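Trainee: Could you work out the structure for the sequence below:
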Amino acid sequence: MRHYDCAVIGSGPAGQRAAIQAAKLDKSVCVIEKSQFVGGVMVNTGTIPSKALREAVMHLTGHHKQGLYGRNHRVKRDITINDLASMSANVIRNEWNVIQDAFDRNDVDLIWGKAKFEGPNLVVIEKDGENEMITADTFILGVGTRPAKPENIPFDNEFVMCSDGLLKLDSIPKSMIVVGGGVIGTEYACIMATLGVRVTLVEGRNQVLGFLDSEIAESLQYHMRKTGVTLRLNEKVDSIEKITSERDGHTMVEATLESGKKLHAECLLYAVGRQGVCGELGLDNVGVSYDDRERLKVNENYQTNVEHIYAVGDVIGFPALASTSMEQGRIAVCHAYGQPIHSMPDLFPYGVYAVPELSMVGKTEQQLTKEGVPYEAGIAHYSEVARGQLLGDEIGMLKLLIHQDTRKIVGVHCIGTGATELVHIGQAVMALGGTVDYFIHNVFNYPTLAEAYKIAALNGSNKLANM
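Mentor: Predicted structure coming up:
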């Protein structure tokens, strides 16, 4: 029976980073993976495939250059599902190789199979009807989640699908209903609309992406409507069924809303939440508790209620992003082995790869108002920045939230080309306790989108001076 200092269950971003960090601390490490491939949801069904799909769509439709060359600009007129799938497959294969190479270089044992706890330090791994037992001193659970699939939804991966099924479409539909205005639903709604699909998005709240700054969310919603997305906000789906079209006899999907409205489309994407997978890990055998959605509760060091068992990544809930999951894995291992940790979870950035992309770090205007923090907002539109004109980005915007008394930056919010990259400048300044004056006195390359920071800083500073 093999023994390890650290056993990681799951090879997604959280598990990868945890395993490599433990190996760097000269610990014996194994990663247990139940699927056929490494990388978890991030590489195989989530982050990488969806972003590869987005990049392929943006390129082939010419969307990102239409501001320069007109609405009719298009790289390829007739786009097929094979055009979109080939890019995703290439990126995924490369990621598999990168991950396995990292494990090999750091002497991390990769064990294929399904793990189940038999005791506090004992795990049985089942594969192809055969079992192997290992023991470990510390366990890191990075098992991720799966799409929530309520029993009353008629999933068939052809007409009614979850986010995993969308990536297996045989052809591009002419119309689609998307249920759920979270990150997954919003991203796919935007991507499909950019392809020319007639999309209707149903969301029970009054805005998509409820964690966003409301001004940024409103800007996104305006752009979504402009690209043809019909938003049904403050609406919930009562029932979903497949029907036969009276017009042409084809199978369609009918979604009936609680308000009585009936929506029809060629297919439906159900993207309302994700479900944990803890129930199959045998956690009852070691006393680790989880909620009704099979998610694990952890403390600030990512420990479960059992001291030597940690949980990281999507399985612990929001924000469930690849970037934050990686950091959680690193922090958990450092804590387990007494290493000093300097982490700033309040400054974890959020990125959403909708069309256009969005990113934020720090507080929103709503949060600051609720907390009674006096602030001012400095705004820069991409139309004011030469680089924005060169890119043909007509809607981009950067917003700095500035504390009125200390002049420190307390929030950065961005929508438009490169938003997920641009936000990191503000993140760094916030982490170092910087003020709006840093941007006023600093020089940025010209022409760049980063120049928007200076414009926003001057705008906010002028408002503060005139209070």
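Trainee: low-confidence ranges in the stretch 351-467 of the chain?
Mentor: For the stretch 351-467 of the chain, no stretch has pLDDT under 70.
Trainee: So which residues of it form helices?
Mentor: 365-371, 386-391, 419-431, 436-441, 451-465 (DSSP state H, counting those that start in this stretch).
Trainee: Dump those helices into JSON lines; add mean neighbour count and distance to residue 175 as well.
Mentor: No exception for glycine: its C-beta is placed from N, CA and C like everyone else's. Supplementary listing: the helices of the stretch 351-467 of the chain in JSON lines, determined by neighbours: other C-beta atoms under 10 Å; distance: least, C-beta to C-beta, whole Å:
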{"stretch": "helix 365-371", "mean neighbour count": "14", "distance to residue 175": "34"}
{"stretch": "helix 386-391", "mean neighbour count": "18", "distance to residue 175": "31"}
{"stretch": "helix 419-431", "mean neighbour count": "19", "distance to residue 175": "29"}
{"stretch": "helix 436-441", "mean neighbour count": "18", "distance to residue 175": "45"}
{"stretch": "helix 451-465", "mean neighbour count": "20", "distance to residue 175": "37"}
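Trainee: Quick check: phi and psi on residue 159?
Mentor: Backbone torsions for residue 159, taken as degrees, to the nearest 10, come to phi -110, psi -30.
Trainee: That one touches residue 265, doesn't it?
Mentor: No. Between residue 159 and residue 265 there is no contact under C-beta atoms under 8 Å: 9.2 Å.
Trainee: Indicate which one of the helices of the stretch 351-467 of the chain is closest to residue 118.
Mentor: helix 419-431 (42.6 Å; C-beta to C-beta).
Trainee: what's the overlap in contacts for residue 159 and residue 265?
Mentor: 252-253 (C-beta atoms under 8 Å, 6 or more residues apart in numbering).
Trainee: re the thing from before, ok, which of the helices of the stretch 351-467 of the chain comes nearest residue 246?
Mentor: helix 419-431 (44.2 Å).
Trainee: what angle do the closest one and helix 451-465 make?
Mentor: 50 degrees (axes from the mean of the first three to the mean of the last three C-alpha atoms, to 10 degrees).
Trainee: so who does residue 159 touch?
Mentor: Listed by C-beta under 8 Å, 6+ apart, the contact set of residue 159 reads 242, 251-253, 266-268.
Trainee: ok, now with 10 Å
Mentor: Each residue near residue 159 by C-beta atoms under 10 Å, 6 or more residues apart in numbering is listed here: 165, 173, 240-243, 251-253, 265-268.
Trainee: Okay, buried residues for the longest strand along the chain please.
Mentor: When the chain is parsed with DSSP state E, its longest strand is strand 130-141. Neighbour counts using 16 or more other C-beta atoms under 10 Å place 134, 136, 138-141 of strand 130-141 among the buried residues.
Trainee: Tell me which other helices or strands it touches.
Mentor: Helices and strands touching strand 130-141, by 3 or more C-beta pairs under 10 Å, 6 or more residues apart in numbering; DSSP states H and E, are strand 2-9, helix 13-24, strand 29-33, strand 109-112, strand 114-119, strand 122-127, strand 309-311, helix 322-336.
Trainee: switch to 8 Å and redo it
Mentor: In terms of contacts (3 or more C-beta pairs under 8 Å, 6 or more residues apart in numbering; DSSP states H and E), strand 130-141 is packed against strand 2-9, helix 13-24, strand 122-127, strand 309-311, helix 322-336.
Trainee: Tell me which residue is most central in this structure.
Mentor: For the chain, the residue nearest the mean C-alpha position is residue 321 (4.5 Å; C-alpha atoms, centre = their mean).
Trainee: In terms of pLDDT, where does that one sit?
Mentor: pLDDT recorded at residue 321 is 86.
Trainee: which ones are touching it?
Mentor: Residues in contact with residue 321 (C-beta under 8 Å, 6+ apart) are 348, 350-351.
Trainee: now residue 22
Mentor: Shown in contact with residue 22 (C-beta under 8 Å, 6+ apart): 5-6, 8, 29, 138, 140, 333, 336-337.
Trainee: which one of those has the most neighbours?
Mentor: Greatest neighbour count in the contacts of residue 22, by other C-beta atoms under 10 Å, goes to residue 8: 36 neighbours.
Trainee: isn't that one right up against residue 136?
Mentor: No. With contact defined as C-beta under 8 Å, residue 8 and residue 136 do not form a contacting pair (9.1 Å).
Trainee: where do the contact lists of those two overlap?
Mentor: Counting by C-beta under 8 Å, 6+ apart, the residues touching both residue 8 and residue 136 are residue 30.
Trainee: By residue count, what's the longest helix in this protein?
Mentor: helix 81-105 (DSSP state H).
Trainee: so what's residue 136 bridging to?
Mentor: Here residue 136 sits in beta bridges with residue 4, going by DSSP bridges.
Trainee: Surely it touches residue 6?
Mentor: Yes. Judged on C-beta under 8 Å, residue 136 makes contact with residue 6 at a distance of 6.2 Å.
Trainee: Find residues that contact each of these two.
Mentor: Counting by C-beta under 8 Å, 6+ apart, the residues touching both residue 136 and residue 6 are residue 30.
Trainee: Quickly note the distance from residue 449 to residue 323.
Mentor: 20 Å (C-beta to C-beta, to the nearest Å).
Trainee: next one: residue 301
Mentor: 19 Å.
Trainee: More neighbours: which of the two?
Mentor: More crowded of residue 301 and residue 323, by other C-beta under 10 Å: residue 323, with 16 against 13.
Trainee: Chain neighbours aside, what residue packs nearest to residue 348?
Mentor: Once flanking residues are discounted, residue 348 sits nearest to residue 324: 5.0 Å by C-beta to C-beta, 6 or more residues apart in numbering.
Trainee: scratch that, residue 245
Mentor: The shortest distance from residue 245 to any non-neighbouring residue, by C-beta to C-beta, 6+ apart, is to residue 252 (5.0 Å).
Trainee: That neighbour contacts residue 268, doesn't it?
Mentor: No. Residue 252 is not in contact with residue 268 according to C-beta under 8 Å; the separation is 9.5 Å.
Trainee: Which one's more surrounded, the two?
Mentor: Each of residue 252 and residue 268 has its neighbours counted (other C-beta under 10 Å); residue 268 has more, 29 against 19.
Trainee: does residue 109 have beta-bridge partners, and which?
Mentor: In this entry, residue 109 is beta-bridged to residue 30, by DSSP bridges.
Trainee: looking at this protein, which helix or strand is least sure?
Mentor: helix 66-69 (a mean of 56; mean pLDDT, DSSP states H and E).
Trainee: ok, for residue 450, nearest residue in space, not its chain neighbours?
Mentor: Leaving aside its chain neighbours, residue 450 sits nearest to residue 444 (4.5 Å; criterion: C-beta to C-beta, 6+ apart).
Trainee: so where's this protein uncertain?
Mentor: Residues of the chain meeting the criterion pLDDT under 70: 63-78.
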